[in-house]
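In: Any chance you can model this:
(2 chains, ligands or ions: 2)
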Amino acid sequence: MSTAATLRRLVPLALLAILTAPFLWFHFDTDLTTGTPLLSWEPSHGWKFLKVVVPGFATGALVAFLARLWDRTPRTPLVARASHEVLETPWMVLVLVATLSVSGLFLSPKGLSMGTFVAIYMLLALGLNVTIGFTGLLVLGYSAFYAIGAYTLALLSQAFPGFPVWLSLPAAFVTASLAGLLVGLPCLRLRGDYLAIVTLGFAEALREILRNLAITRGDKGFPIASTSQFPAIGPLAAKQVAWIAAIATLALVCLAVHRLYHSRTGRAWIAIREDETAAAMMGIPVVRQKLLAFAVSAGVGGLGGAIFAGCWGFVDPSTASFEQSVLVLAMVILGGIGSLPGSLLGAAVLYLVPTLLRDQIPAIADYRLFFFGSILVAMMLLRPQGLLGSPRHRLEMEGGS
Amino acid sequence: MSAVLQAKAIGKSFGGLAAVQGVSLEARSGQILSVIGPNGAGKTTLFNCLSGIYRPDTGTVLLDGKDVTGLASHKIAQAGLSRSFQNIRLFPEMTSLQNVLVGRFSRTPFRPMGALLRTKAWHADERAAKEKSLELLELVGLAERRDDWARALPYGLQRRLEVARALATEPKVLLLDEPGAGMNPSEIASMMDLVAKIRSLGVAVVVIEHHMKLVMEISDRILVLDHGEPIAEGTPREVRDDPRVIEAYLGRTEATVGH
Ligand SMILES: Nc1ncnc2c1ncn2[C@@H]1O[C@H](COP(=O)(O)OP(=O)(O)OP(=O)(O)O)[C@@H](O)[C@H]1O
Ligand SMILES: [Mg+2]
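Out: Ligands and ions are numbered 1, 2, ... in the order given. This next block holds a predicted model:
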């Protein structure tokens, strides 16, 4: 469909919007004493209308868009194809971001903050997937980079009062990637899973440091000045801004990861995962590419941490906990190692299920680690490719040759 | 014409075992050099020393006049040497086309921003890499299987895919470690046709092969190893008539070759 044709289809929609605007957004009245007509801004009908129509319209568009996939390259699973197709079509991503942003505005404050946390965990799972899934490097202390991102925002807000969150986000990405490079440099030169152990130790050490340094305010944690959190903008409350920022960041990271994956760099990462020696023989500087993957992964973790800090307004050393690392690892494994939509699904399931259950059965909080551990083991045994699996991993299971 | 690959007095030991000792060779563009020798003679070890998988204990490797001794594999690959492996080492969870595309790595510019923004230049690079890869799949007879998973290909085709992937790095020197291993005679013959085709592209080919009749037919020169040491080097005719070769190699294994 050409751009012109798309625009032509939008004309009736625009007309409809203009014609209905007076009824949706304004209130007509007549001043009874003078008889002059009064027109006042009254958006409540409009909001209700948007609440129904925007998600409805977007769902319809998405279904129509994805319907085309049924008869294409039937060998990869539908979900993988669908997410691929969406990510190949930036306007579709934009539609999704807009829909999710708007829909979120109608959630209760509690629902909104849960939604924001889902987005944060999706970021983390996506980031961890770059090392574990694409490049085949096991990282056991991923929470270290999450904590570095969160504390970057906290420390910046302390050092420069009023430091805007919008600058803290990129700063967190940079500090976390640099930390990733520093940790990765010594152990990525060695073969084998040294990275797993070293990152695990790094996260534990970092947590101790955060607990004991005066500047990080120890165990009590670090409240963040509201001027350095996500601000309210116009009609949007701070929590709503945080939600939109999280969704937009998530979409950007999805796009970036997708595009890297389907480029020379991503092919190099997969080649390293599949056979390091053969990859080197193809001219790939293995150590450098592993470092790149690890830095990207760590940076995304930092980004997640900064969004958390900017929205929650409080950080403490538990951000670097082992439990946090295991949680994200479980999300990646549940969704399917190496699968981008899998990471998103895994994050949603593993964040939402315990959180919703906790309200019903408070004791569940005590069994969180047990719960994640069982999921990891069960997945390894029953469905090693994960819920969605990457098309590649999945095909291996189905090929069975 | 001078040799594009010159190895001098290469030596490599494992513990007390001298797997390769004092081996020199020269490979010239547009020629096939065969390396033969009984099992365990050190042929694969020699390839590993030439391709940077092992650092040789002694000797030097010159590639296009440049000293590449002991460099990492990826540097040697970038300098123009590529290889296949005796025990096939494809990227199993990638398609044939993707396998060959990986070989284009060092011949495609690094454009991280281009990849993220999908710029024109990035699209042009990707298209060029894909075209070149498809050409190579065509050359080895895998064009039809471009979207098949490497691990799902029949054995013989996997070996051909490894050759295409190695060629994608645009090597000046191509080392093939038993490209016909595990194949039936007609497959071996067609593999050797492919090797001859690659020679005609101006590549210096060094091939390890056990099938004596084909080696004699196809090689420009032959190097014979035994117990890690070179025992003969020359044209097929010279090597065939060399009494040391007959004694050390041909006589002993004649019963098992040409099966
Ligand atoms: N990594 C290693 N560690 C120890 N010994 C090794 C190693 N690689 C090879 N060898 C030994 O070196 C000798 C030469 O082995 P190599 O694989 O080079 O022989 P080859 O000529 O390729 O034999 P084949 O025809 O069976 O492939 C053998 O005795 C082998 O056991
Ligand atoms: Mg060998």
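In: List the contacts of whichever residue of chain B sits closest to chain A.
Out: Of all residues in chain B, residue B:106 sits closest to chain A, at 3.2 Å by Cβ to the nearest Cβ. C-beta: built from backbone N, CA, C; applies to glycine. By Cβ atoms under 8 Å, 6 or more residues apart in numbering or on different chains, residue B:106 lies in contact with A:282-284, B:74, B:77-78, B:169.
In: try 6 Å
Out: A:283, B:78 (Cβ atoms under 6 Å, 6 or more residues apart in numbering or on different chains).
In: Look at it and give its secondary structure.
Out: helix (DSSP: H, G, I helix; E, B strand; the rest coil).
In: Residue B:11 too?
Out: Going by three-state DSSP: residue B:11 is strand.
In: what residues does chain B put near ligand 2?
Out: Residues of chain B that fall close to ligand 2, judged by Cβ under 5 Å from the ion: B:44, B:86.
In: which helix is the longest one in chain B?
Out: Determined from DSSP state H, the single longest helix within chain B is helix B:120-140.
In: So for it, what gets flagged as buried?
Out: Going by neighbour count (16 or more other Cβ atoms under 10 Å in any protein chain shown), the buried part of helix B:120-140 is B:122, B:125-126, B:129, B:132-134, B:136-137, B:139-140.
In: for whichever helix or strand comes after that helix, packing partners?
Out: Sequence order places helix B:155-167 as the next helix or strand after helix B:120-140, per DSSP states H and E. If contacts are counted by 3 or more Cβ pairs under 6 Å, 6 or more residues apart in numbering or on different chains; DSSP states H and E, helix B:155-167 sits against helix B:96-103, helix B:120-140.
In: again, 7 Å this time
Out: Helix B:155-167 sits against helix B:96-103, helix B:120-140, strand B:173-177, helix B:185-200, with contacts defined as 3 or more Cβ pairs under 7 Å, 6 or more residues apart in numbering or on different chains; DSSP states H and E.
In: quick one: contacts of the last one?
Out: It stands for helix B:185-200. Helix B:185-200 is touched from outside by B:30-32, B:140, B:156, B:159-160, B:163, B:167, B:174, B:176, B:179-180, B:183, B:205, B:207, B:211, B:214, B:218, with contacts defined as Cβ atoms under 7 Å, 6 or more residues apart in numbering or on different chains.
In: just the buried members of those residues?
Out: Counted by 16+ other Cβ under 10 Å, these give B:31-32, B:140, B:156, B:159-160, B:163, B:167, B:174, B:176, B:179-180, B:183, B:205, B:207, B:211, B:214, B:218 as buried.
In: hmm, back to that, quick check: which of the buried residues of helix B:120-140 are also close to chain A?
Out: Of the residues in the buried residues of helix B:120-140, proximity to chain A by Cβ under 7 Å from any Cβ of the partner chain holds for none.
In: Let's have these in JSON lines, adding distance to residue A:335 and pLDDT.
Out: Listed next are the buried residues of helix B:120-140 as JSON lines, based on distance: Cβ to Cβ, whole Å; pLDDT from 0 to 100:
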{"residue": "B:122", "distance to residue A:335": "29", "pLDDT": "95"}
{"residue": "B:125", "distance to residue A:335": "31", "pLDDT": "95"}
{"residue": "B:126", "distance to residue A:335": "28", "pLDDT": "95"}
{"residue": "B:129", "distance to residue A:335": "30", "pLDDT": "96"}
{"residue": "B:132", "distance to residue A:335": "35", "pLDDT": "96"}
{"residue": "B:133", "distance to residue A:335": "31", "pLDDT": "97"}
{"residue": "B:134", "distance to residue A:335": "33", "pLDDT": "97"}
{"residue": "B:136", "distance to residue A:335": "35", "pLDDT": "97"}
{"residue": "B:137", "distance to residue A:335": "33", "pLDDT": "97"}
{"residue": "B:139", "distance to residue A:335": "40", "pLDDT": "96"}
{"residue": "B:140", "distance to residue A:335": "37", "pLDDT": "96"}
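In: In space, what's closest to residue A:300 - neighbours in sequence excluded?
Out: In space, and not counting its chain neighbours, residue A:300 is closest to residue A:127: 3.0 Å by Cβ to Cβ, 6 or more residues apart in numbering or on different chains.
In: distance of that neighbour from residue B:158?
Out: Note on residue A:127: its distance to residue B:158, by Cβ to Cβ, to the nearest Å, is 34 Å.
In: just for the stretch 151-259 of chain B, where's the confidence low?
Out: B:249-259 (pLDDT under 70).
In: Could you tell me which residues of it lie near ligand 1?
Out: Contacts of the stretch 151-259 of chain B with ligand 1, taken as Cβ under 6 Å from any ligand atom, are absent.
In: Which strands and helices lie in contact with the host helix or strand of residue A:102?
Out: Assigned by DSSP H and E, residue A:102 falls within helix A:90-104. For helix A:90-104, the packing partners by 3+ Cβ pairs under 7 Å, 6+ apart come out as helix A:44-67, helix A:78-87, helix A:238-261.
In: Quick one: name whatever helix or strand follows it.
Out: Assignment by DSSP H and E places the next element after helix A:90-104 at helix A:109-129.
In: can you pull the buried residues of that next one?
Out: Buried, per 16+ other Cβ under 10 Å, within helix A:109-129: A:112-129.
In: in the helix or strand residue A:354 falls within, what counts as buried?
Out: Here residue A:354, judged by DSSP H and E, is contained in helix A:340-360. By neighbour count on 16+ other Cβ under 10 Å, the buried set for helix A:340-360 is A:340-351, A:354.
In: Residues contacting that helix, please?
Out: A:79-80, A:83, A:114, A:117-118, A:121-122, A:125-126, A:129, A:254, A:257-258, A:327, A:330-332, A:334-336, A:364-365, A:368, A:371, A:386-389.
In: Just give me the residue closest to the centre of the chain.
Out: Answering for chain A, as no chain was given. Per Cα atoms, centre = their mean, the C-alpha nearest to the average position across chain A is that of residue A:123, at 2.6 Å.
In: that's the wrong chain, I meant chain B
Out: residue B:175 (2.0 Å).
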